[in-house]
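A.B. asks: generate coordinates for the sequence data below:
(one chain, ligands or ions: 1)
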Amino acid sequence: MMRMIAAMDARGGLATDAGIPWTLPTDQKFFVETTRSGLILMGFGTYVEFRSPMHGRTNYVATRRTSSLKSGFVRVPDAAEFICNHADETINNIGGAELFRSTLSLADELVLTRIDADFHCTKFFPPFEQGFRLVTESHPIEENGVRFTFQTWRPHRAR
Ligand SMILES: NC(=O)c1ccc[n+]([C@@H]2O[C@H](COP(=O)([O-])OP(=O)(O)OC[C@H]3O[C@@H](n4cnc5c(N)ncnc54)[C@H](OP(=O)(O)O)[C@@H]3O)[C@@H](O)[C@H]2O)c1
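C.D. replies: All right, here's what the predicted structure looks like:
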């Protein structure tokens, strides 16, 4: 199964050109816990922001370029094929925007942090509400003057 883990602002924004614009320690902790088990898949644009692989284990990087990656990262030339070939495992798809957009149709679950503010992002999560239903939502949390909730969405149709 493949799940997407994303934090987005009120307009679905994921990042500005400078990266993720908010600092929310509770969300960071949630992200680390949620990705603790299973494979980790990220796009090349997200990979460049990592110095080392998450959780000290192999992380998979969707990229069509053939140049070598930093130690601990393994190249995935076709993300959709990788997801289909690992259907028996849990894949944590951690983005970014382009990888989310290109693999949304393969997602079995969306684990979303919904931030109630506008951070003037330039990169966005793809539209998803039509194909998915909300199954859980946490109580609102307030941190650094920002309110957010954790949500889980599942596709209308099983994949
Ligand atoms: N708020 C959040 O939850 C969140 C989560 C993750 C990332 N981010 C932020 O988002 C930004 C990065 O997003 P981004 O859209 O620029 O980049 P990205 O999605 O991380 O990476 C895009 C690159 O991934 C590769 N790629 C994408 N889809 C592919 C597929 N189906 N098969 C093979 N390769 C594929 C391509 O690499 P090549 O060009 O090398 O072929 C593409 O250029 C960063 O600032 C990061 O901090 C935010």
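A.B. asks: and for the residue sitting nearest the centre point of the chain, nearest residue in space, chain neighbours not counted?
C.D. replies: For the chain, the residue nearest the mean C-alpha position is I94 (2.8 Å; C-alpha atoms, centre = their mean). Excluding the flanking residues, the one nearest I94 by C-beta to C-beta, 6 or more residues apart in numbering is M42, at 5.0 Å. For every residue, glycine as well, the C-beta is placed using N, CA and C.
A.B. asks: with M54 instead?
C.D. replies: I40 (5.4 Å).
A.B. asks: give me the neighbour count for the one you found.
C.D. replies: Using other C-beta atoms under 10 Å, I40 has 21 other residues around it.
A.B. asks: and the helix or strand encompassing A15, average pLDDT?
C.D. replies: Here A15, judged by DSSP states H and E, is contained in strand 13-15. Average pLDDT, strand 13-15: 98.
A.B. asks: also stretch 40-60?
C.D. replies: Per-residue scores along stretch 40-60 average to 96.
A.B. asks: so the residue nearest to I94 sits against P53, correct?
C.D. replies: No - using C-beta atoms under 8 Å, M42 is not in contact with P53; the gap is 9.7 Å.
A.B. asks: how far off centre is the helix or strand hosting R75?
C.D. replies: Assignment of secondary structure by DSSP H and E places R75 within strand 73-76. Its chain's C-alpha centre and that of strand 73-76 lie 17 Å apart, by C-alpha atoms, centre = their mean, to the nearest Å.
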